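Visitor: Provide a 3D model corresponding to the input given below.
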Amino acid sequence: MKQVFPKILRNDLSFPDPANAGADGLLALGGDLSVPRLLSAYRSGIFPWSASPITWWSPDPRGIIELNDFHLSGRTLRRKRQNLFRVSINQAFKEVISACAKAAPGRDDTWIEPKIINAYTTLHQAGHAHSVECWKGKTLVGGVYGVAIAGFFAGESMFAHETDASKIALAFLIDHLKEKKFSLFDTQMVTPHTLSLGATTIPRSLYLQRLQSALQLSTTF
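Guide: Model prediction:
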C-alpha cells in the first residue's frame with residue numbers, strides 16, 4: 001500500500017523513512033521540539049521548519065556545502081584579511097538565533113518562531129547546537145548557528161548587521177569544521193546567497209548515505 005505523507009507523529013521518537021517522502025520533503029506533522037526528538041530527526045536526515053504547527057522535512061534534492069568547495073568573493077576575502085571583526089564560538093547563542101529570527105532586507109518573515117528559539121537554545125545548552133559570532137567592539141554584528149552530531153553539521157541560519165559579517169562567521173565555521181574533520185555540512189536548501197558561497201544539491205538518497213557515514217565519525221565540535 002502506498003504511504004501517505006505527511007504522517008502524524010505520536011509520543012514515540014521515531015520518524016517515517018525520509019526516503020519514501022515526496023520531492024518537496026514534507027514528511028510529518030506534530031510531536032514536539034524536545035532535545036531527544038530533534039536529535040532523532042537530524043540523525044534521520046530530517047529537520048523542523050515551523051513550530052505552529054510543527055512540520056518535519058527531508059527535501060529531495062538536498063542542499064549542502066562541500067567543505068573544500070566553500071569560497072568567498074574577492075571583496076569579502078579582503079575584508080576578512082583586514083580583521084575588521086572579532087570572531088568567537090558559542091559566546092552568544094541565543095543572541096545569534098534571535099537576530100536570525102528578525103526581519104531583514106529580502107526576508108519579511110521567518111520560520112524561527114519563539115518556540116524554535118527556545119528549543120534550539122535548550123539544544124545548545126545540551127551541547128548539540130552551536131553559534132559563531134562576529135563582533136565589532138562589544139557589538140554583535142553577525143553570526144551563524146547550527147546543529148552538530150559527530151561529523152555532521154546542519155547550518156540553520158545566519159544574519160549580518162555589518163557588510164560581510166555573516167559570510168566571515170560562516171568562513172570561520174567552515175575552517176573550524178575542516179580542522180575537526182567533519183565530513184558533511186548540510187544547508188537543507190540552496191538559495192542564491194548560499195549558491196554564491198559554493199552550495200550545491202545532491203539527491204536525498206546520497207545525502208542519507210553520507211549522513212550515516214558522518215555520524216560514524218568520532219569527531220566533536
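Visitor: What is the distance between stretch 189-201 and the centre of its chain?
Guide: Here stretch 189-201 shows a centroid-to-chain-centroid distance of 13 Å under the convention CA atoms, centre = their mean, to the nearest Å.
Visitor: separation between G31 and Q125?
Guide: If you measure G31 against Q125 using CB to CB, to the nearest Å, the figure is 20 Å. Heads up, the C-betas are built off the backbone N, CA and C, glycines and all.
Visitor: Are we agreed that L29 is in a helix?
Guide: No: the assignment for L29, made by DSSP: H, G, I helix; E, B strand; the rest coil, is strand rather than a helix.
Visitor: so what's it bridging to?
Guide: Using DSSP bridges, the bridge partners assigned to L29 are I8, T55.
Visitor: Contacts only, for the closest residue to A51 other than its chain neighbours.
Guide: With CB to CB, 6 or more residues apart in numbering as the criterion, A51 has its nearest non-adjacent residue at 3.8 Å, and that residue is K115. Taking CB atoms under 8 Å, 6 or more residues apart in numbering as the criterion, K115 is in contact with 33, 51-52.
Visitor: The least confident helix or strand in the chain by mean pLDDT packs against which elements?
Guide: Of all the helices and strands that make up the chain, helix 74-81 has the lowest average by mean pLDDT, DSSP states H and E, namely a mean of 88. Helices and strands in packing contact with helix 74-81 are listed as helix 165-179; criterion 3 or more CB pairs under 8 Å, 6 or more residues apart in numbering; DSSP states H and E.
Visitor: rewinding a little: more neighbours: which of G31 and Q125?
Guide: Neighbour tally, G31 and Q125, criterion other CB atoms under 10 Å: the higher count belongs to G31, 23 against 12.
Visitor: The more buried one: what's it in contact with?
Guide: For G31, the contacting residues are 9-10, 37, 54, 56, by CB under 8 Å, 6+ apart.
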